[in-house]
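> Just a sequence and a predicted model for now, questions to come.
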Amino acid sequence: MRRAKKTLPKLLVILGPTASGKTDLAIVLAKKFRGEIISADSRQFYRGTDIGSDIIPGKWVKRAGRRVYVARGVPHHLLSFRRLDQPVTAAEFKDLVIKLAEQIAGRGHLPILAGGTGLYVNAVTENFTIPPVAPDPAYRRRLEKRSAASLYAELKRKDPAYAARIPPQNRRYASRALEVIHAAGRPFSELQGKGEPLFDVLKIGIRRPRPEMYRRIDARVDKMVKSGLLDEARRLGRRYGWNIPAMTALGHRQLGLFLRGETTLEEAVRLIKRDTRHFAKRQVAWFKRDRKIHWVKRPIEAQKLVRRFLSEN
RNA sequence: GGCCCGGUAGCCAAGCAGUAAGGCAGGAGUCUGCAAAACUCCUAUGCGCGGGUGCAAUUCCCACCCGGGCCU
């Protein structure tokens, strides 16, 4: 088992709740260890969301015939590469990261996966076997018309094991399960699994005291608003409407309330802060149960961990 | 000084004799193709204070304290 691990490519993962300083830490480590950063923030994939999803400012440059986004001297991947109305799913993300990490390692660089979308990170690091059933918009639309109770009843009949694991009120989980069962003809729970590890992973998490975390979030929201978040939201709303999944992004969603005249600007900003705090709390809950994460408070601690990680062989 | 209204969790607030709705904030979680999403659970032996009347009071009565309004 230990022998098999040796042959795995190394992958450094930087994670933590929003506004915790992941980006800065990832850059420090990238510079120190010749790394390239892959974003694991599900909102940074989309073009035109620079302010709202806090995409690091940089520029596209040509390097060895490829176009690369370089910020603070470090190559970044999976930023602004997709139209807002063409969602990047967890499954697609997983495949993209595997490919990118391979290429980066091939250049002799260290792939650094940095972001706060726990599910997407785990899809890679835990090598999730995601049931190969693409979202079916027409089918989903049909399910949306039904009550949670009705969806749950059907799920209970077709996949009792999965039904037992979710609350009856969660239509989204029930819907996806039914969608998979509908397409694959097998219970959802039987199609989920984990494969052998694809990478030799070091997970580093940044943790801050709750009050500090909340202060940083409030400050960042104010900064975003000053930087033109409202214009960005208006532009995206005009172009894509307010109903596509990606417009549930923090910031754009709440400013949409204001732009549609449903609330004041002040209230919308308050809601962004509140909802971002709630989000950060959920991220913390997600990461908390991952025993593999090494929690650090300062970059220097992370450096030590990475140095040791890279010298193991 | 007199009269009136109000004082219920950190905040807003319903209840007004039968043993404390709800919302917000806060906390704890769930999580395999929407995840910055969706969803679950927890949070007042207590209703300004002290008496009284009831089998029973946050709910009725008396006095007091505090806030607001009106009057002089």
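Structure's in. What do you need? Numbering: from 1, shown residues only, chains lettered A, B, ... in the order given.

> Quick check: pLDDT value at the most centrally placed residue in chain A.
Centroid-nearest residue in chain A, with CA atoms, centre = their mean: A:Thr117, separated by 2.7 Å. pLDDT, A:Thr117: 97.

> Excluding covalently adjacent residues, which one is nearest to it?
Using CB to CB, 6 or more residues apart in numbering and skipping the chain neighbours, the partner closest in space to A:Thr117 is A:Ser42 (4.2 Å). For the C-beta atoms, the positions are set from N, CA and C on the backbone; glycine is no exception.

> Next up, the contacts around the residue nearest to the centre of chain A.
Listed by CB atoms under 8 Å, 6 or more residues apart in numbering, the contact set of A:Thr117 reads A:40-42.

> who does the longest helix belonging to chain A touch, helix- and strand-wise?
Scanning chain A for the longest helix, with DSSP state H as the assignment, gives helix A:265-288. Judged by 3 or more CB pairs under 8 Å, 6 or more residues apart in numbering; DSSP states H and E, helix A:265-288 is in contact with helix A:118-125, helix A:210-226, helix A:252-259.

> can you pull the buried residues of the helix or strand just after the longest one?
Looking back up the chat, that one is helix A:210-226. Later in the chain than helix A:210-226, the nearest helix or strand by DSSP states H and E is helix A:229-240. Neighbour counts using 16 or more other CB atoms under 10 Å place A:229-230, A:232-234, A:236-237, A:240 of helix A:229-240 among the buried residues.

> tilt between the longest helix of chain A and helix A:229-240?
If you take axes from the mean of the first three to the mean of the last three CA atoms, to 10 degrees, helix A:265-288 sits at 80 degrees to helix A:229-240.

> Next, the angle from helix A:265-288 to helix A:252-259.
160 degrees.

> For helix A:265-288, give the mean pLDDT please.
The model assigns helix A:265-288 a mean pLDDT of 95.

> What residues sit buried inside the very next helix or strand once past it?
Downstream of helix A:265-288, the first helix or strand assigned by DSSP H and E is strand A:293-296. Neighbour counts over strand A:293-296 (16+ other CB under 10 Å) mark A:293, A:296 as buried.

> Walk me through which strands strand A:293-296 pairs with, and which way each runs.
strand A:200-206 (parallel) (DSSP bridges).

> So which residues on the stretch 1-150 of chain A come close to RNA strand B?
Residues of the stretch 1-150 of chain A lying close to RNA strand B by CB under 7 Å from any atom of the strand are A:18, A:41-44, A:52-54, A:87-92, A:116-120, A:123, A:128-135, A:140.

> From the residues you listed, which land in helices?
A:90-92, A:118-120, A:123, A:140.

> and the residue nearest to A:Thr117, how many neighbours?
Applying other CB atoms under 10 Å, we find 22 residues neighbouring A:Ser42.

> quick one: it and A:Tyr120 touch, right?
Yes. Using CB atoms under 8 Å, A:Ser42 is in contact with A:Tyr120, at 6.0 Å.

> what is in contact with the two at once?
A:Phe93.

> Make JSON lines from the ones in helices among the residues of the stretch 1-150 of chain A next to RNA strand B and add neighbour count to it.
Below are these laid out as JSON lines (neighbours: other CB atoms under 10 Å):
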{"residue": "A:Ala90", "neighbour count": "16"}
{"residue": "A:Ala91", "neighbour count": "18"}
{"residue": "A:Glu92", "neighbour count": "16"}
{"residue": "A:Gly118", "neighbour count": "20"}
{"residue": "A:Leu119", "neighbour count": "12"}
{"residue": "A:Tyr120", "neighbour count": "25"}
{"residue": "A:Ala123", "neighbour count": "22"}
{"residue": "A:Arg140", "neighbour count": "14"}
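
> quick one: which two of these are the most distant?
A:Gly118 and A:Arg140 (23.2 Å; CB to CB).

> Write out the residues of the stretch 201-313 of chain A neighbouring RNA strand B.
For the stretch 201-313 of chain A, the residues in contact with RNA strand B (CB under 7 Å from any atom of the strand) are A:210, A:214, A:245-246, A:248-251, A:274-279, A:281-286, A:288-289.

> mind redoing it with 10 Å?
A:210-211, A:213-214, A:217, A:220-221, A:224, A:244-254, A:270-290 (CB under 10 Å from any atom of the strand).

> which residue sits closest to A:Pro87, ignoring its sequence neighbours?
Nearest one to A:Pro87, counting by CB to CB, 6+ apart, is A:Pro245 at 5.8 Å.

> Could you do A:Pro57 as well?
A:Ala71 (6.4 Å).

> what's near enough to touch that neighbour?
A:27, A:56-59.

> what does A:Thr89 give?
A:Thr89 makes contact with A:134-135, according to CB under 8 Å, 6+ apart.

> All set now, cheers.
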